[in-house]
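Q: fold the stuff below for me.
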Amino acid sequence: MPEFRYNILTGEWVIIATERSKRPIEFAQSVARPCLPMHDPNCPFCPGNESQTTAEIERRDAPDGTWQTRVIKNKFPALDEMAKPDHGGDFFHTRINGFGVHEVVVDSPRHDATITRLSLPDIETILHTYRSRYRALELDERVKHIIIFKNNGDKAGSSLIHPHSQIIATPIVSGQVDARIATTREYRKASGRCLICDMVRSEIESNRRIVDKNEHFASFLPYAALSSYHTWVFPLRHNAHFGRIEDEEITALAQILRNVIRGHERLLNYPDYNFVVRSAPVGCANDDYHWYISIIPRLSKTAGFEIGSNIYINGTLPETGALNLRNIIDVLKDDM
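A: Numbers count the residues shown, from 1 in each chain. Below you'll find the predicted structure:
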């Protein structure tokens, strides 16, 4: 029987439509995974074509002097770094000039280097780059929120094949983020504890939706997941801001990210996906939030009911999805 489930963190209702439940193979992409070269001479992100990109902001080099990651300004930015975030309009028409920073992180010199094809040290380098840019951007007093994200594949919104991530810093905080912080503040006021810390402990204790865990992170499918195989990764140490991640946590995060994404790939035949680092706004008190990562395989489309109600229909019971994913991850670990 279908059921409504409530997500205590996001404040959203979800319909778990068990009668629509599909086997993992039914979600699998029918299009074969493209076989990509390690280098594409026509790709602006490949080595040798650095002059085709915008100015380099930061780079991390390998011991042989070649670059491992590059950070550049987005050639087609959503926001203007030179604008002043001045307010205007009236009660019904509030506006702010379109100030913001829009950067691209070229994840690897390899054209075919998805996260699961990279070594753990290479993934750590990407995460160190994220942290470095987060720390640099939060120093700008105009910046209120920093969003780090990766669009992998057409269905996830990617416009270039070469593996890359993006970072956008904005002068505003979205209503969605404000609402989540209000929820965590209310919970702490009532209980004296962090809602997310308590939620993660509850998930670990029940073990019904856990897909992977190590010394520093736990990954699970939310009780009220918006979509099939939507996966969360939480640090076990309470911290509101991604920029405060420690070196040993970066090592552990690289491991769990690779495990989860490999699991998605093997179980669902290399689906397009997004991952987003959900961090507190700049200046937010450490008690008021707990950063995490969402990994969302793009397996279904948003239709009229979701648009009209903001209630999503998930065709996979999260407990079943977690078991499927955990079993695949365990097998992959044994093969390593």
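Q: going forward, measure contacts and count neighbours with C-alpha atoms only.
A: Fine.
Q: which of the helices or strands spans Glu306?
A: helix 304-309 (DSSP states H and E).
Q: alpha carbons only: can I get that helix in CSV?
A: Extracted C-alpha coordinates of helix 304-309, given in CSV (Å, rounded to 0.1, in the frame of the first residue of the first chain):
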residue,chain,number,x,y,z
GLY,A,304,2.4,17.8,-13.1
PHE,A,305,1.5,16.4,-9.7
GLU,A,306,4.9,17.2,-8.2
ILE,A,307,4.8,20.7,-9.7
GLY,A,308,1.3,21.3,-8.4
SER,A,309,1.7,19.9,-4.9
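Q: which outside residues touch whichever helix or strand comes after that helix?
A: Later in the chain than helix 304-309, the nearest helix or strand by DSSP H and E is strand 312-314. Contact partners of strand 312-314, identified using CA atoms under 8 Å, 6 or more residues apart in numbering, comprise Trp13, Val14, Ile15, Ile16, Ala17, Ala225, Leu226, Ser227, Ser228, Phe305, Glu306.
Q: residues of strand 312-314 that come out buried?
A: Under the neighbour-count criterion of 16 or more other CA atoms under 10 Å, strand 312-314 has Tyr312, Ile313, Asn314 buried.
Q: Tyr6: which of the residues you listed is nearest?
A: Nearest to Tyr6 out of these is Tyr312 (CA to CA; 11.1 Å).
Q: please name the bridge partners of the closest one.
A: Val14 (DSSP bridges).
Q: related to what we said a few turns ago, okay if I get the buried residues of strand 312-314 as a markdown table plus pLDDT and distance to Ile168?
A: Below are these laid out as a markdown table (pLDDT from 0 to 100; distance: CA to CA, whole Å):
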| residue | pLDDT | distance to Ile168 |
| --- | --- | --- |
| Tyr312 | 92 | 26 |
| Ile313 | 93 | 29 |
| Asn314 | 93 | 29 |
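Q: between these, which is nearest Leu267?
A: Nearest member of these to Leu267, counting by CA to CA, is Asn314, at 17.3 Å.
Q: does Pro77 really touch Phe99, like I thought?
A: No. In this structure, Pro77 is not within contact of Phe99 by CA atoms under 8 Å, at 10.6 Å.
Q: just the strands in the stretch 201-336 of the chain please.
A: All strands of the stretch 201-336 of the chain, identified by DSSP state E, counting those that start in this stretch, fall at 210-213, 217-220, 231-235, 273-278, 292-297, 312-314.
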